[in-house]
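# Build me a model:
(3 chains)
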Amino acid sequence: MDTALGAPPLFAVDEITKTFRSRQSLWDRLRGQPLPIVRALNGVTLEVARGETLGIVGESGCGKSTLARCLVRLYDVDEGRIRFEGGDVSTLKGQARRQFNRRVQMIFQDPFGSLNPRMTVGQILGEALRVHRMRPAAEIALRMQELLDLVRLPPDSLDRRPHAFSGGQRQRIGIARALALEPDCLVADELVSALDVSVQAQVVNLLLDLQSQLDLTILFVAHDLRLVRHISHRVAVMYLGQVVEVAPAEALFSNPRHPYTRSLLQAVPSLDPTQRRAQAAVLGELPSPLAIPSGCAFHPRCPHAIDRCRQERPRLRRGQGSGEAACHLADSLPAWRNEAPA
Amino acid sequence: MSAGALPFEPAKATPTRRRKLALPGALIAGLLILAFSLTLAFFPSLFAPFDPLKFDYKAILKPPSLAHPFGTDNFGRDMLSRTIHAYTLDMQIAFFATIVPMLAGTAIGTIVGYYGGLLETLFGRLVDGVITFPFIVLVIAIVAVLGPGLANMYVAIGLVGWVFYARLVAGEMKVQKRLDYADAGRVMGYGDMRIAFRHLLPNAVSPALVYWMTDMALCILLGTSLGYLGLGAQPPAAEWGVLIAGGKNFFTTAWWISIFPGIAIVLTGLGFSLLGNGLAELMKVKR
Amino acid sequence: MSTLLSVSGLTTRLLTPAGLLAAVEDVDFTLDERDSLGLVGESGSGKSVTMRSLLRLLPQRAEVEGSVRWRGRELVGLPENALRALRGREIAMIFQEPMSALNPVLRIGLQIEESLKVHTDLDRAGRRARAVELLALTGIPTPERRLDDFPHQFSGGMRQRAMIAIALAASPALLLADEPTTALDVTIQDQILHLLARLRREMGMAMILVTHDLAVVAESCERVAVMYAGRIVERGTVRQVFAAPRHPYTLGLLRSVPDGDRPRQKLRSIEGTPPGLGNRTRGCAFQPRCGFATAQCATDRPPLADIAPGHAAACWQAGRLTDLSREAA
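Next up is the predicted model:
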């Protein structure tokens, strides 16, 4: 997917930060300790082109879900700017925010918590159509059937409540609810991570179909690299509140340029029992987002770190290849072979 | 890629067995007792053998007999008729003393729980202030200022009672607010009031409804206590508290004057409590 | 190598609101010393119940039938206190959520020492020294200092390491691991799997690993048993099963994992959902979702039969599956 067609990107995220105040014990407060601050997003810059699927991967605490929630305006950003079709949406309020949300929708991770247990599928979909006046009252029933059909739920689903459906089917209801508003962009936060493998595939296939059918832009936030690789045109890798590498999916997986991306790819267990590695891919724990290391946040775990990495934070920049990486050594790392050492 | 690249059967909804609507036993028992109470409350004259206010100087302080199953009081009034007629007044007290605090408290609790922040802090202080004093002491104090009588008793209970509903609803709203469907509502572009009252409240209200049932029973007790103290319903009206108070001087010689209204109170209170438990069971939502 | 554990005809019924229902039916497998077996399946397949049935660590009222022989000794029907003597000493267990298995108000060191006190004859100083050794063995840096920490001061990966340290206290011959890495991030999962592999090598321990992730089994076990609707549908060495699956369910599972070779292709999904506990059919339980099903599959349940030495599948088409799937593709 080429973004250089002259059209502005659908989303342009510029250096956004988001912090949360953490809880503090009474004892620490009495001792005058500063309030612990969780830096969830630490200067994220990203562009999303119309019609593409951008995968966002990372481990827990990397800020991928926070980013998703900032993009759909569930959270306000602290600093930086989010532009949608060139217009600043980072401070939208009230009616303007609701209009923005009609065009940018979200699908949630939890198939149990994201649907109101007391509303039938018909009520859930009907409300969306009515509140945003998507269809005249007379056509709502027809449109609801179309939506069910679109997400391949049985036509008699309208009178049932969420508890009558399986996890995969509930995620379809969530997708239908989002599609009721005919959005341009879907933000899917860990859409299938609560589902069994065989059901995951059904939902992922549905999402691929819908994208080509409806010309959607999709942000696919997930921790499963295999899945993200499978579904995305481009992939952004996040670590401790920053994007450390972003590249077309093929390039990122065939020639990752950031050491963290490399560790992540190596750490994924292989389906081939003959490809076992003798050593763990990366040592050390994930640092707490309460105390992000100086310089490059990955330096304490990085096998290539030099002094500069401890002091100076690397910026995302182009280099060899088609993507961008935030690593001082991106162009001088040894060539990548994702094979098990003998 | 095209939509028909692979055979793609529509998923089938998991078949749910049509389960018979199994009502909790407590609910049925509660409903039966309450139906009995309401029937007596609306049509006391159909069941009461005598006029509850009519003196009969030929039958003063008669013990229970076939003619007067609950006996008579010191004015010869038939205690069965008075106990039955008291249903009208006491059921009124149960309903009118609680309906306003229930509705107002639920609405306030919804707003407080949904918005949180400063509103919640202020509300927390108010709750702290109110629960420092026993409920009945506050009510008695307010009635003492406003003057005795039923209407003032409703006002007094209402001024204090809403706090308990609001606290229950606000707490439950805070739990619901954190669930994804609340965020989903916001992303769907719904207004705050729609999310708070249409989406969250139905999932947050059941503890308050259950408490309402208990509260009605408590209010009957409170009403009878105030009636007994002379601050609520006024004699000669037939009200259980008034009846019991009327019998207190004769308790050692004519126990039936106080006992039968007492049994009616216990029975009605039991009905409300059973109904509350049954409702709690019924409203448990499937996830 | 001698047989450590042999399970045959294991059937476990759990008490549900709908009565006693079989969560595990007629499960057979054996485990040699130092061997490792991965039990794979989706939620509700009975993989966890199978493992917990071995030591009767079942959450609700349950009936266990069949035979579980540990070093030749029958465990089914053994009184609770005899089983308790085995648990932790010869057979140890680790769980998905270390936080719920560790006691939040006791220091990590104390919890390890407690396990040592129960299972070994070491004195107080010996236990302390051994606890430090165990923490070091599981890769916890500065173990002397971490002994005095509480579980909440550990990260998820560290807690899993601490739980493994407790499990290793008595040098068990078999480790039962129930989704030990499911709650962990991928780089931490990788570390824990490598840790388990190293410990097994060094301590000569056998392992049964329960997981929903085929790749985790491929990475860390020698043999695999795939479960569906309470039964083992395929069993063999990981090389046999992953190279040439002989049950359509295994095949479907392997295919629904995105392989990453061809991006933005449809995944080959298995349509439908697994049957619930209550409504299992007379024939093959997978038949309604199976692309290769014949009339026979609906009426007769295929037995788990050997196809090659050490490789068994419960499918009427097992012999022809490789050809059939090639034709379909």
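# For the closest residue to C:R107 other than its chain neighbours, give me its contacts.
Using C-beta to C-beta, 6 or more residues apart in numbering or on different chains and skipping the chain neighbours, the partner closest in space to C:R107 is C:D148 (5.4 Å). In short, each C-beta sits where N, CA and C put it, glycine included. Contacts here follow C-beta atoms under 8 Å, 6 or more residues apart in numbering or on different chains; on that basis C:D148 touches C:R107, C:I108, C:G109.
# Filter those residues down to just the buried residues.
Restricting the contacts of C:D148 to buried positions leaves C:R107, C:I108, C:G109, with burial counted as 16 or more other C-beta atoms under 10 Å in any protein chain shown.
# Just name the closest of the residues you listed to C:S53, please.
Distances from those to C:S53 were compared by C-beta to C-beta; the smallest belongs to C:I108, at 30.0 Å.
# wait, that closest one sits on C:E144?
No - C:I108 is beyond contact range of C:E144, at 11.8 Å (criterion: C-beta atoms under 8 Å).
# For chain A, just list every one of the strands.
Across chain A, reading from the start of the chain, the strands by DSSP state E fall at A:11-21, A:37-48, A:53-57, A:79-84, A:87-88, A:104-107, A:185-189, A:217-222, A:234-239, A:242-248, A:317-318, A:324-325.
# Compare those strands and report which one is nearest to B:Y181.
Taking C-beta to C-beta as the criterion, B:Y181 comes closest to strand A:104-107 out of the strands of chain A, the separation being 11.9 Å.
# Parallel or antiparallel, list what pairs with that closest one.
In the sheet, strand A:104-107 lines up against strand A:185-189 (parallel) (DSSP bridges).
# quick one: contacts for A:Q242?
The neighbourhood of A:Q242, defined by C-beta under 8 Å, 6+ apart, consists of A:N42, A:G43, A:V44, A:G63, A:A297, A:A326.
# Identify the farthest-apart pair in the residues you listed.
The span of the contacts of A:Q242, defined through C-beta to C-beta, is set by A:G63 and A:A326 at 13.9 Å.
# Pull the number of nearby residues for residue 282.
Here I'm looking at chain A. The local packing count at A:V282 equals 22, with neighbours defined by other C-beta atoms under 10 Å in any protein chain shown.
# Chain B, not that one
A total of 14 residues lie near B:L282 under the criterion other C-beta under 10 Å.
# rewinding a little: and of the contacts of A:Q242, the nearest to chain B?
Of all the contacts of A:Q242, chain B sits closest to A:G63, with 17.2 Å by C-beta to the nearest C-beta.
# Look up phi and psi at that closest one.
A:G63 adopts backbone torsions of phi 100, psi 10, taken as degrees, to the nearest 10.
# Tell me who's in contact with it.
Taking C-beta under 8 Å, 6+ apart as the criterion, A:G63 is in contact with A:K18, A:A40, A:L41, A:N42, A:V44, A:M238, A:L240, A:G241, A:Q242, A:P289.
# Look up how far chain B lies from the residue nearest to the second one when sequence neighbours are not counted.
Right, A:A40. Nearest in space to A:A40, with sequence neighbours left out and distances taken as C-beta to C-beta, 6+ apart, is A:T66 at 4.1 Å. Distance, A:T66 to chain B, by C-beta to the nearest C-beta, to the nearest Å: 13 Å.
# now swap in A:P111 and tell me
Remark: distance between A:P111 and chain B (C-beta to the nearest C-beta) = 9 Å.
# ok, for that residue, nearest residue in space, not its chain neighbours?
If you skip the residues right next to it in sequence, A:P111 has A:R170 as its closest partner in space, 3.8 Å away by C-beta to C-beta, 6+ apart.
# what pLDDT does the one you found get?
According to the prediction, A:R170 has pLDDT 94.
# likewise C:A313?
Value for C:A313, per-residue pLDDT: 94.
# What about the residue nearest to A:A40, how many residues nearby?
By the criterion of other C-beta under 10 Å, A:T66 has 25 neighbours.
# Count residues in the vicinity of B:K248, would you?
B:K248 has 10 neighbours, counted by other C-beta under 10 Å.
# What of the one 3 residues further on?
Applying the criterion other C-beta under 10 Å, we find 13 residues in the vicinity of B:F251.
# Could you tell me the model confidence score at the closest residue to it other than its chain neighbours?
Of all residues beyond its chain neighbours, the one nearest B:F251 is B:S258 (5.9 Å), with distances taken as C-beta to C-beta, 6+ apart. pLDDT for B:S258: 88.
# Then C:R264?
At C:R264, the predicted lDDT confidence score is 68.
# before we move on, back to that, most neighbours, which of the contacts of A:G63?
For these, counting by other C-beta under 10 Å, the largest number of neighbours falls to A:L41: 29 neighbours.
# nearest residue to that residue other than its sequence neighbours?
Distances taken as C-beta to C-beta, 6+ apart place A:K18 nearest to A:L41, at 4.1 Å, with adjacent residues excluded.
# List the contacts of that neighbour.
A:A40, A:L41, A:G63, A:T66, A:C70, A:Y75, A:V77, A:D78.
# Show me which of those residues is closest to chain B.
Checking the contacts of A:K18 against chain B with C-beta to the nearest C-beta, the nearest one is A:Y75 at 9.9 Å.
# Now tabulate the strands of chain A in a markdown table and tack on mean pLDDT.
A markdown table is the format used below for the strands of chain A (pLDDT from 0 to 100):
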| stretch | mean pLDDT |
| --- | --- |
| strand A:11-21 | 92 |
| strand A:37-48 | 91 |
| strand A:53-57 | 95 |
| strand A:79-84 | 94 |
| strand A:87-88 | 92 |
| strand A:104-107 | 96 |
| strand A:185-189 | 95 |
| strand A:217-222 | 95 |
| strand A:234-239 | 95 |
| strand A:242-248 | 94 |
| strand A:317-318 | 88 |
| strand A:324-325 | 93 |
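# Now distance to C:E222 too, for those, in TSV please.
Converted to TSV, the strands of chain A look like this (distance: least, C-beta to C-beta, whole Å):
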stretch	distance to C:E222
strand A:11-21	45
strand A:37-48	42
strand A:53-57	31
strand A:79-84	51
strand A:87-88	58
strand A:104-107	40
strand A:185-189	37
strand A:217-222	31
strand A:234-239	33
strand A:242-248	36
strand A:317-318	46
strand A:324-325	38
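# Cool, thanks, signing off.
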